[in-house]
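Colleague: Using only what follows, build the 3D model:
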Amino acid sequence: MNRFLVYTVAPVIAFTLCPRVSAQPDCPPEGTYELLDGSELRIDCFVCELVENVIPLVGRFRLEELHLGQVGDEPVYALRDIEFRHRKGKTSYHRVTGGGTYAIAAGGAQTIALALSLRGQEPQNLAGAGAIDPAVVWPSIDIEATVDQPGQGIFIQSVRLVAAPVRPAKFTQYRLLPESYWLVDCDFCRRLVLPIPIEGNFLLGQVQDTPPFSFYRMECIDFRATGVGPPPAVISGFGSYTRFEEVALLETMTLDLGVDQWGEGFKGAVLQSEMKSRGAPFPAIRIDLVQSNPVDSNTIYKIHIVAEPFDGLPPVEFRRGDANDDGRVDLSDPVAILNWQFLGEVEPGCRETADANDDGASDLSDPVYLLNYLFLGGEEPAKPGAAACGPGPGFGVECAKYDSCVPGK
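Modeller: Residues are numbered from 1 along each chain as shown. Sure, this is the predicted structure:
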């Protein structure tokens, strides 16, 4: 069946309100490990010469203790859901999947047995044993396993796992905004490619702050196609996000995704962005990513993410320009903004009210914008406007409190 049919997409978005982070205790699942620097895959080939035979790895697996009965005091663990890839996201050829066991013996010895598949080929059995490095403190792991019998063609020689439980983070719930979409593109064919609107959520949590860089984990990615047309896509996975703030404001993102579309499931899709200027003032995110490891040139995933923090509560309604929260926009409001910005007076409870031109920042341009509106016939402040109460259209600087639109106040 030809999956590349021309179709029409109706841009209809319907958001599902999601629970707070505390309602998702198993995301990522308990026992999830991530590979660290030093993890690598060694491959070989009987009849060919490889350009790269030592592959730096990133990825995840789950470690689950087994209760085997007559094992004494030596813990044995199952390695499940192994999903490794080239650190740089190159091609799908270096995708490694499988499972195995890991055991710690008395006296500090460790053993590992793995059944690994390289790009979906027949699994190969690998094993390793040795003393635990005193510098490696449990629950961290550092062990190498080698193949017991070489395979045919290109095969795995060995794998070294340097891993630790995923780093903890305090997560913030994000939701996609209506501008977000998904594409299945093609490099050389001439088929019509239309964006598929998507909705959904993810969690974003900071794991390291080393100025000028800030590093984040993305978990619980749950995106779904909306509207009519092709069979719905279900997109899930995890990722990373990095901010750079010094001379320029830059960002980059990498996503490891599983995609279920046309009734087919595909895991191991790596979508990446370059380090480029931020598309929206943080904490909002606006970014484009392209698959770096497509199976072929006819199926290249792309995604346009427009997202903002979301706490599950209705957005605060306000009047844009009413910085002093007295229920009307007049001369006192640009004065209140200037006093806050330059004289250190009280900050507006809803900073969006002071962002009169809705450019994502509260600065000198905002009181100037209000004065033009009030006395020179300039444009009214952006949605929701200066007269009616309402939520902002998207990226909000911040609106924690605005009493003039609360009934009874």
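Colleague: residue ranges with poor pLDDT in the stretch 201-350 of the chain?
Modeller: 227-232, 262-265, 312-313 (pLDDT under 70).
Colleague: hmm, try it at 50
Modeller: Counting by pLDDT under 50, the stretch 201-350 of the chain shows no low-confidence range.
Colleague: Please enumerate the strands of it.
Modeller: Counting by DSSP state E, counting those that start in this stretch, the stretch 201-350 of the chain has strands at residues 213-225, 234-245, 249-261, 264-272, 276-277, 285-291, 300-309.
Colleague: Looking at the ones you listed, which is nearest to residue 365?
Modeller: strand 249-261 (17.5 Å; C-beta to C-beta). Placement of C-beta: from N, CA and C, glycine included.
Colleague: helix/strand/coil for residue 178?
Modeller: Using DSSP: H, G, I helix; E, B strand; the rest coil, the structure places residue 178 in coil.
Colleague: ok, so what distance separates it from residue 197?
Modeller: Going from residue 178 to residue 197 by C-beta to C-beta, to the nearest Å gives 7 Å.
Colleague: So for those two, which sits in the more crowded spot?
Modeller: A count of neighbours by other C-beta atoms under 10 Å puts residue 197 above the other of residue 178 and residue 197, at 21 against 16.
Colleague: The more buried one looks like it's in a strand, true?
Modeller: Yes - under three-state DSSP, residue 197 sits within a strand.
Colleague: residues in contact with residue 283?
Modeller: Residue 283 sits next to 172, 308-309 when contact means C-beta atoms under 8 Å, 6 or more residues apart in numbering.
Colleague: same question, residue 159
Modeller: 39-42, 57, 84, 96, 114, 116, 126, 144-145.
Colleague: among these, which ones are buried?
Modeller: With burial judged by 16 or more other C-beta atoms under 10 Å, the buried subset of the contacts of residue 159 is 39-41, 57, 84, 96, 114, 116, 126, 144-145.
Colleague: how close does the closest residue to residue 154 other than its chain neighbours sit to residue 52?
Modeller: Once flanking residues are discounted, residue 154 sits nearest to residue 45: 4.6 Å by C-beta to C-beta, 6 or more residues apart in numbering. To residue 52, residue 45 is 11 Å away according to C-beta to C-beta.
Colleague: of the two, who's got more company?
Modeller: Each of residue 45 and residue 52 has its neighbours counted (other C-beta under 10 Å); residue 45 has more, 13 against 10.
Colleague: residues in contact with the more buried one?
Modeller: 153-155.
Colleague: of those, closest to residue 331?
Modeller: Ranked by distance to residue 331 (C-beta to C-beta), the contacts of residue 45 are led by residue 154 at 74.3 Å.
Colleague: ok, residue 34 touching residue 166?
Modeller: Yes - contact criterion C-beta atoms under 8 Å: residue 34 and residue 166 qualify, at 5.0 Å.
Colleague: Quick check: neighbours shared by the two?
Modeller: Listed as contacting both residue 34 and residue 166 by C-beta under 8 Å, 6+ apart are residue 60.
Colleague: Which stretches in the stretch 301-409 of the chain count as helices?
Modeller: Counting by DSSP state H, counting those that start in this stretch, one finds helices in the stretch 301-409 of the chain at the ranges 332-343, 365-375.
Colleague: To residue 207, which of those helices lies closest?
Modeller: helix 332-343 (33.3 Å).
Colleague: Please tell me how far the nearest residue to residue 183 once chain neighbours are set aside sits from residue 362.
Modeller: Sequence neighbours aside, residue 302 is the residue nearest to residue 183 in space, at 4.1 Å (criterion: C-beta to C-beta, 6+ apart). Using C-beta to C-beta, residue 302 is found at 34 Å from residue 362.
Colleague: I'd assumed residue 387 was in contact with residue 373.
Modeller: No - counting by C-beta under 8 Å, residue 373 stays clear of residue 387, with 11.5 Å between them.
Colleague: Now do the shared contacts for those two.
Modeller: By C-beta under 8 Å, 6+ apart, the residues touching both residue 373 and residue 387 are 329, 380.
Colleague: The two: which has the busier surroundings?
Modeller: residue 373 (19 against 14).
Colleague: Which residue comes closest to that one once chain neighbours are left out?
Modeller: In space, residue 373 is closest to residue 380, 6.0 Å off (C-beta to C-beta, 6+ apart).
Colleague: wouldn't that neighbour be in contact with residue 370 here?
Modeller: No - counting by C-beta under 8 Å, residue 370 is not a contact partner of residue 380; they are 10.1 Å apart.
Colleague: What is the neighbour count of residue 356?
Modeller: Using other C-beta under 10 Å, the number of residues around residue 356 comes to 31.
Colleague: Please name the residues that touch it.
Modeller: Residue 356 neighbours (C-beta under 8 Å, 6+ apart): 320-321, 366-367, 369-370, 373, 381-382.
Colleague: Also residue 367?
Modeller: Contacts of residue 367 were listed using C-beta under 8 Å, 6+ apart, and they are 333-335, 337-338, 356.
Colleague: I'd assumed residue 368 was in contact with residue 341.
Modeller: No - Residue 341 lies out of contact with residue 368 (C-beta under 8 Å); the separation is 11.7 Å.
Colleague: dump the residue contacts of the residue nearest to residue 183.
Modeller: 182-185, 271, 288-291.
Colleague: ok, how many other residues are close to residue 342?
Modeller: The tally of other residues near residue 342 (other C-beta under 10 Å) stands at 9.
Colleague: roughly how far apart are it and residue 325?
Modeller: 20 Å.
Colleague: Residue 357 too?
Modeller: In this view, residue 357 and residue 325 are 19 Å apart by C-beta to C-beta.
Colleague: my read: residue 332 touches residue 325, true?
Modeller: No - using C-beta under 8 Å, residue 332 is not in contact with residue 325, being 10.7 Å away.
Colleague: Who has more neighbours out of the two?
Modeller: Between residue 332 and residue 325, counted using other C-beta under 10 Å, residue 325 has the larger neighbour count: 19 against 13.
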